[in-house]
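S.K.: My questions are about this predicted structure, shown below with the sequence.
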Amino acid sequence: MSLQVAAVPAEQRPSRLERVADAALTMGPVVLPLVLWELAAWMGWINTFLFPSPSRIAATLWTQSGPDGNPPWGIPLHVARSLTRLLAGMAIAIALGTLVGVVIGMTRWGRFIFRPLISALMPVPTLAWTPVLLLAVGIDDRATIIVVAIAASFEIIYTIVAGLEMMNVRVFWVAQSMGATPVQIFWRVILPGVLPYLITGVRLGTGYAWRALIAAEMLAASSYGLGFMIFDASEYMSMDVIYGGVVLIAVLGYLLENVLIGRLEAATIDKWGVRVEA
Amino acid sequence: MRPFLAHGMPWAAAAGLAVWLSCGAAAAPADSTSIRVGTQAVPPDEVYAARDWGKPYNLHVDLKSYSSGGDILKAFLGRQLDVGNGGSARLVSMAAQQADQFYIVAANQYGGNRYGVMVAKSSPVTSVAELKGKKIGAVTGSGAYNTFRVYLEKNGLKESDFQLVNMKVEDLRAAVQQGILDAAVAWEPHVAIAETMGVVKRIQSMEGVNESPNFVLVSREFADKNPEAVTRYVATLIDLADLITSRPSEAASLAVQEIGKKGVQADVKGLELALTRIKMNPKVTDTLLDELVPIAASMHAAGKIKTVPDFKKLVRHDFYDAAVKLSAANRAR
Amino acid sequence: MASSEARVQDATAQTGGVGGGSTRLVALRSFAEFLLPIVVLLLLWEAGVRTGLIDPTILPAPSMIVGRAWVLLDPSHPERSLLLTHIAASLWRALVAFAIACGVAIPLGFALGLSPIAYRSASPLLSLLLPLPAVAWTPIFLVGFGQGDTTIISVCFLGAVFPVLYATIRGVQSISPHSLWVVRSMGARRSDIFVRVLLPGCLPALISGLKLGMAHSWRTLVAAEMLAALSRGLGYMIFAARAYMDVSTMFVGIACLAVIGMLVEHGLFGPLESATVRKWYGVSRVGGAR
C-alpha cells in the first residue's frame, strides 16, 4: 500500500501533490472525525458529558500521567501493571506452549493425550476461567497473569503444532541417521525449526492475551491495570478517563501485536524466508 | 460514489449513535402511585424484592436491579430511578456537588456489626492484634475497610502493622480458606455465609466502632411532585425493617426464595445470620448523620470537595414521621 | 513414517474416508480416542474431590456440577428451566450481535475490498481497531445505556464486526482483478459477477471470518455479561452465584459457556465449511478458530 519512492525513476515518481493527497487520504479518516468532534463539543452540539472533547481527553490523560493525577502517576502505573502482567503471562505461555506444542507435534502419545484436551478447551472463552482462577488464587495479579498465560498458550500450541505438521520430517531423519542424540535433536533441529512458528504464535497470542488481560482486569483487578482503570472510571462516570483508556488500550494492543513482534518477525522469519500463514 | 458510501456509513452510524446516547437519559414521568427503586444483590434488597410491600399502601414499586451501589447512584442521577442509596464518601460528594438533586429520607443499612474480620476455621488466631505482620484482605475504599481503620486507631494499632491486600469481596473467603490470606475484613453477608459454610470463623466484629450508615435517597424532583408516594415507600421500608429485625429466619427464607429465581442456591442459615447483624431501622438520627461530618471534613481537607455540606438540611423527617403513622395504621387493620 | 501415517489416518477420519461401514467404525474409534483423555481427566477430578484432595467449596466435583445442572435444567418443566432461560438470553444476545455485525461488515467489506482508495483510507483506522478488545467499550456503553441487553449486544457487535470486516476485505482483495475483467468483457451483468465470481472467490476467507466473528461475539459476550447483565444470561448467573458463594451453580455456568463455545465453533461452522469450502477447494483445516 505504500509508495516505493526509491526504486522508481524520477519521471515516474509520484508528484508532491500526489504524495500529499495520499497522506491526506490515509490520515483523513483518523484526523477528520477528531476535528469534527472537537468542533461539535466546542459549539455545544453534542452532550459533552457523554462525549468529552478530544482535547479534554488528552488533557486528562496528561494530568493523570503526572504527579497531580489521582492516584499520582496513575496512567504510567496502570500501563506498567498491565504490561507486567502481560509479560509474565507471555513468558509462562512461551515456555509451556513450546513444550506442549513440541510434545504434541513430535510424539504419538502427546498427540493422543493433549489434542482432545486442547481442541476441547480452546474454544472456551478465556474469561470463563477467571471466576475459577479467582477462587483458586484470588489475588488479581496471579489471576490475570494466568489468564494471559492461558490465552497465549493455546495460540502458541496451535501454531507450533500446525507448523510442525508442515515441517519436513526428513530433516529430522537425517539428524537421527547421523547419530544425533534426542537432546541434540531437540536443541539443534527442533527448536530452530519451531522458532518461526513460535514467533508467529507469540504474535497472535499477544493479541488474544492483551484482549483477555483487559477483560480480566475489568473483572478481577482491584487496584491497577488499564482494564481496571476504565472500569473504575465508569463507576465515577469519568468519561474522559474511559475514552483515554480505550485509546491507550487500542494503541498499545496495536503496537504489541504489530510493531513489537512484527519487527521481531521481520528480523527473523522474513529474513529466513519462512512465513506462516495465520 | 462507492468510496463515499463506504466512508459515509460508519460516520452516519456514529452520528445516529451520538444522538441516541444523548437522548438516553430522558426521565420517564412518574405517576403518583408508583416509584422506581434501585436494588442490588444484598440480602435486605432480596427480601424486599420477594414480596409486594407496596400493595397495602396502593403503591406500585418498580424495582430495577443493578450490579453495585455505584450503578444505582449513576442511574439515580441520570433520572432513571426515583430512589437510590448512598453512604460515606459517595454521599458526601453528592451532597457537596448535587445537593439540590435529592433528599435523605431514611436510613438504609447501618451498624458496625455488619463488618467483621474472619480467619480460616483451623487458624489459631483469635484477635486482630495477633495478625500483626500478616496478610489481611480487604476492599480498599469500602465501608468495611474504613471502619476497620477506625477500629485499629481505637485499639492502638496501625495499618502499617499489617500487610493489607486489596481484593474483591467475593474472593476473600476462598483466599482465607486456602491460606493465601491470613485474615479478611468483609461485610455481610459474605462473612456469615462463609461461617455457615464451615470454612471460616469470625474473630472480630466491628460492632460499636461506628455505624457507617447508608441512607435512602429520593430525587428532589420526584419527592416534590409525589410526596404521597415517598411516604408510602418509607412505610414499606418500616415494614421491611420490622420483618428483618423481629423475624430474621422468615426474612432469610424470603431472600433465599428470591435468590433462587436467578438459579442460585443461597444458604438460608447464612442469610439469617447476616440479617441479624445488619441494623435496619429507617429513622434518620443525628448519630447517623454526624458520622458523615468527619468524612466530609477529611475530604474537604484533601481538596476533594469545596465546602463541608450541611447534612441536616438534606434530611426530610416528615416523610418518615408520616410513614410511621401509615405503617401503624396498616398493621392495626 | 509414523507421523505421516498418523496424519493420513487423521485426514481419513476427518473427511470421512473411503467406503461405507469401515468409515463408521474408524470415525467411531477416533471419536472414542478423542474423548478418552477428557474422560480420564474428569475421573481424576472426581476422585480428587472424593478423596478430599480437592476442596469442593473451591472446585466442586464433576458429579456435583452435573447434579446442579440437572436441577437447574428442570427437565420436567423445561419452560420454567432457569438454566435454559439464562442460556437462551446469552445465545440471543450473541446471535443478534453477530447478525448485525454481518449485516454491517459484509457489505462494507465488499465496498472497501473493491475500492483501493477507500481501503487505503480506512486501513489505518481498521488496523488500529482490530486488536482492540471489544470489552473495553463496555464502560462507555454502561454510562450511556446502563445495564442490559443494549449494552451487551453493542459490545458483542463491536467484537464481531471487525474480524468479519477484515476477513471480507481480504477475501474480496484476494480475487484477482483479471477474473473480474474477463467475466465483464464477456458481457456478464453486475449480479452475475457478484454471484459467480465474487462470492465463491471470497467464500473461504469469508467463512473463516464468520467463524472468527461468531467466536469473538461469544467470547465478548461472556465478558460483557459479567459486567453489564441485568437479570439473565450465563455471565449473570455466574456472577450472581459468586456473590452468594454458590460454587456449584457458578461452575454450571462456566461449563455451559465452554460447551456452547465448543458447539458454536466445531458444530456450527464445521459442517458449513465442509459443505462449501472443502467441497470446492478440498482444503482440510486443522483445529478451529478462537
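M.R.: Now that the structure is in, tell me what you want to look at.

S.K.: what does the stretch 151-278 of chain A put close to chain B?
M.R.: Within reach of chain B by CB under 8 Å from any CB of the partner chain, the stretch 151-278 of chain A has these residues: A:220, A:222-223, A:235-237. Every C-beta, even on glycine, is put in place using the N, C-alpha and C of the backbone.

S.K.: Could you dump those residues into a markdown table and include neighbour count and secondary structure?
M.R.: Shown next, in a markdown table, are these (neighbours: other CB atoms under 10 Å in any protein chain shown; DSSP: H, G, I helix; E, B strand; the rest coil):
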| residue | neighbour count | secondary structure |
| --- | --- | --- |
| A:Ala220 | 26 | helix |
| A:Ser222 | 22 | coil |
| A:Ser223 | 16 | coil |
| A:Glu235 | 17 | helix |
| A:Tyr236 | 15 | coil |
| A:Met237 | 18 | coil |
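
S.K.: Closest to C:Arg29 out of these?
M.R.: Comparing those against C:Arg29 with CB to CB places A:Ala220 closest, at 42.2 Å.

S.K.: Quick check: the closest one vs B:Gly69, distance?
M.R.: 19 Å (CB to CB, to the nearest Å).

S.K.: helices or strands up against the host helix or strand of A:Val161?
M.R.: Taking DSSP states H and E as the definition, A:Val161 sits inside helix A:140-166. Secondary-structure packing of helix A:140-166 (3 or more CB pairs under 8 Å, 6 or more residues apart in numbering or on different chains; DSSP states H and E): helix A:74-106, helix A:108-121, helix A:129-136, helix A:191-220.

S.K.: what's the angle from it to helix A:129-136?
M.R.: Computed with axes from the mean of the first three to the mean of the last three CA atoms, to 10 degrees, the direction of helix A:140-166 lies at 130 degrees from that of helix A:129-136.

S.K.: List the buried residues for helix A:140-166?
M.R.: Buried residues in helix A:140-166, counting neighbours by 16 or more other CB atoms under 10 Å in any protein chain shown, are found at A:140-165.

S.K.: Doesn't B:Val61 belong to a strand?
M.R.: Yes - using DSSP: H, G, I helix; E, B strand; the rest coil, the assignment for B:Val61 is a strand.

S.K.: how close does the closest residue to chain C within the stretch 151-278 of chain A get to A:Met166?
M.R.: Chain C sits closest to A:Ser234 of the stretch 151-278 of chain A, with a gap of 3.4 Å, by CB to the nearest CB. Here A:Ser234 is placed at a distance of 46 Å from A:Met166 (CB to CB).

S.K.: follow-up on the earlier one: could you dump the residues of the stretch 151-278 of chain A next to chain B to CSV with distance to A:His78?
M.R.: Below are those laid out as CSV (distance: CB to CB, whole Å):
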residue, distance to A:His78
A:Ala220, 15
A:Ser222, 13
A:Ser223, 9
A:Glu235, 15
A:Tyr236, 15
A:Met237, 18
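
S.K.: from the residues you listed, which is closest to C:Leu132?
M.R.: A:Ala220 (20.0 Å).

S.K.: who's in contact with that closest one?
M.R.: Counting by CB atoms under 8 Å, 6 or more residues apart in numbering or on different chains, A:Ala220 makes contact with A:130, A:133-134, A:140, A:143-144, B:168, B:171.

S.K.: Kindly recompute the last result at 6 Å.
M.R.: Applying CB atoms under 6 Å, 6 or more residues apart in numbering or on different chains, one finds that A:Ala220 lies in contact with A:130, A:134, A:140, A:143.

S.K.: B:Ser88 reaches B:Val293, doesn't it?
M.R.: No - judged on CB atoms under 6 Å, B:Ser88 makes no contact with B:Val293 at a distance of 11.4 Å.

S.K.: More neighbours: these two, which one.
M.R.: A side-by-side neighbour count of B:Ser88 and B:Val293, using other CB atoms under 10 Å in any protein chain shown, places B:Ser88 first with 21 against 14.

S.K.: per-residue pLDDT, that one?
M.R.: Confidence at B:Ser88, expressed as pLDDT, is 82.

S.K.: I'd like to know how many residues surround the closest residue to A:Phe231 other than its chain neighbours.
M.R.: Counting by CB to CB, 6 or more residues apart in numbering or on different chains, A:Met218 is the residue found nearest to A:Phe231 once chain neighbours are left out, at 4.2 Å. Neighbourhood size, A:Met218 [other CB under 10 Å]: 28.

S.K.: tell me which parts of chain A are close to chain C?
M.R.: Selection of chain A residues close to chain C by CB under 6 Å from any CB of the partner chain yields A:1, A:25-26, A:28-30, A:50, A:113, A:116-117, A:120, A:123-125, A:127-128, A:131, A:135, A:158, A:162, A:207, A:211, A:214-215, A:219, A:230-231, A:234, A:237, A:242, A:246, A:249-250, A:253-254, A:257.

S.K.: Mind checking which of those residues are buried?
M.R.: Listed as buried from those are A:25-26, A:28-29, A:50, A:113, A:116-117, A:120, A:123-125, A:127-128, A:131, A:135, A:158, A:162, A:207, A:211, A:214-215, A:219, A:230-231, A:234, A:237, A:242, A:246, A:249-250, A:253-254, A:257; burial here means 16+ other CB under 10 Å.

S.K.: right, and B:Asp82 touches B:Ser34 too?
M.R.: No - using CB under 6 Å, B:Asp82 makes no contact with B:Ser34, being 8.9 Å away.

S.K.: returning to that earlier point: hmm, which two among the contacts of A:Ala220 are most spread apart?
M.R.: Within the contacts of A:Ala220, A:Thr130 and A:Asp140 form the most distant pair, 10.1 Å apart (CB to CB).

S.K.: Doesn't B:Trp217 lie inside a strand?
M.R.: Quick fix: residue B:217 reads Leu, not Trp. Yes - the assignment for B:Leu217 by three-state DSSP puts it in a strand.

S.K.: you'd agree it is up against B:Phe102?
M.R.: Yes - contact status for B:Leu217 versus B:Phe102: in contact at 4.6 Å, counting by CB under 6 Å.

S.K.: out of those two, which sits in the more crowded spot?
M.R.: Under the criterion of other CB under 10 Å, the comparison of B:Leu217 against B:Phe102 puts B:Leu217 first, with 30 against 27.

S.K.: Let me see the contact set for the more buried one.
M.R.: Per CB under 6 Å, 6+ apart, neighbours of B:Leu217: B:84, B:86, B:102.

S.K.: now the residues you listed as a markdown table including distance to chain C?
M.R.: Output for these, formatted as a markdown table (distance: CB to the nearest CB, whole Å):
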| residue | distance to chain C |
| --- | --- |
| B:Gly84 | 13 |
| B:Gly86 | 17 |
| B:Phe102 | 19 |
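
S.K.: name the element C:Leu128 belongs to?
M.R.: helix C:116-129.

S.K.: helices and strands around that helix, which ones?
M.R.: With contacts taken as 3 or more CB pairs under 6 Å, 6 or more residues apart in numbering or on different chains; DSSP states H and E, helix C:116-129 sits against helix A:16-43, helix B:2-23, helix C:82-114.

S.K.: avg pLDDT for the shortest one?
M.R.: This predicted structure assigns helix B:2-23 an average pLDDT of 50.

S.K.: can you pull the contacts of the nearest residue to B:Gly198 once chain neighbours are set aside?
M.R.: Leaving aside its sequence neighbours, B:Gly198 sits nearest to B:Lys121 (CB to CB, 6+ apart; 6.6 Å). B:Lys121 makes contact with B:199-201, according to CB under 6 Å, 6+ apart.

S.K.: For whatever helix or strand B:Tyr233 lives in, buried residues please.
M.R.: According to DSSP H and E, B:Tyr233 maps onto helix B:227-246. By 16+ other CB under 10 Å, the buried positions in helix B:227-246 come out as B:227-244.
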